[in-house]
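Engineer: Build the 3D model from these lines:
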Amino acid sequence: MRSDIVLDTNVLLAALRSSRGSSFALLSLLAEDHFTLHVSVPLVAEYEAVLRRGQLELTDGQIDDVLDFLCARACHHEVFYLWRPQLRDPDDDFILELAVKAQASIVTWNRADFKRAQLFGIQVLTPADLLDIVEKRS
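Structural biologist: A predicted model of the protein is given here:
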């Protein structure tokens, strides 16, 4: 059984900063279909905005390639909920809304920001947590 996930932007950023951590390992597994990534237009727009801030040594073409890879592998959703604010950081509410729509776990380094996700039946995992789940299934 594959896991359904919504990937918080901080995990994507960590994966692209270093090839040594669990974020990078998780992103690498996306190509092997160990889990299903779920995205929405607002989430992909946030990915793009953060990646283009210049915090990474990536060209515009490389950023386009990353976004194209994610979008090609992901399940796309339109989300029409507006339950805001639900989370400690209201800017993260659209991630929760997507996770509810997709019935997917949220993978993030900021678990504290998503404490209320459990009220909606959504599991919040770190990249290391998800890697453990994938390893146990293999």
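
Engineer: only C-alpha atoms for contact and neighbour calcs from this point on.
Structural biologist: Noted.

Engineer: can you tell me which residues contact the closest residue to Arg116 other than its chain neighbours?
Structural biologist: Closest residue to Arg116 in three dimensions, ignoring its sequence neighbours and counting by Cα to Cα, 6 or more residues apart in numbering: Leu87, at 6.3 Å. Contact analysis of Leu87 by Cα atoms under 8 Å, 6 or more residues apart in numbering lists 93, 113-117.

Engineer: ok, of those, which come out buried?
Structural biologist: The neighbour count (16 or more other Cα atoms under 10 Å) marks 93, 113-114, 116-117 as buried among the contacts of Leu87.

Engineer: Show me those that map onto helices.
Structural biologist: Among these, the members falling in helices (DSSP state H) are Asp93.

Engineer: Switch the buried ones among the contacts of Leu87 over to JSON lines; also include distance to Val41.
Structural biologist: Below are the buried ones among the contacts of Leu87 laid out as JSON lines (distance: Cα to Cα, whole Å):
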{"residue": "Asp93", "distance to Val41": "14"}
{"residue": "Asp113", "distance to Val41": "21"}
{"residue": "Phe114", "distance to Val41": "20"}
{"residue": "Arg116", "distance to Val41": "23"}
{"residue": "Ala117", "distance to Val41": "20"}
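
Engineer: ok so, going back, Provide the secondary structure category for the residue nearest to Arg116.
Structural biologist: coil (DSSP: H, G, I helix; E, B strand; the rest coil).

Engineer: Kindly provide the distance from it to Arg111.
Structural biologist: 11 Å (Cα to Cα, to the nearest Å).

Engineer: now do Leu96
Structural biologist: For Leu96 relative to Arg111 (Cα to Cα), the value is 12 Å.

Engineer: Thank you kindly, that will do.
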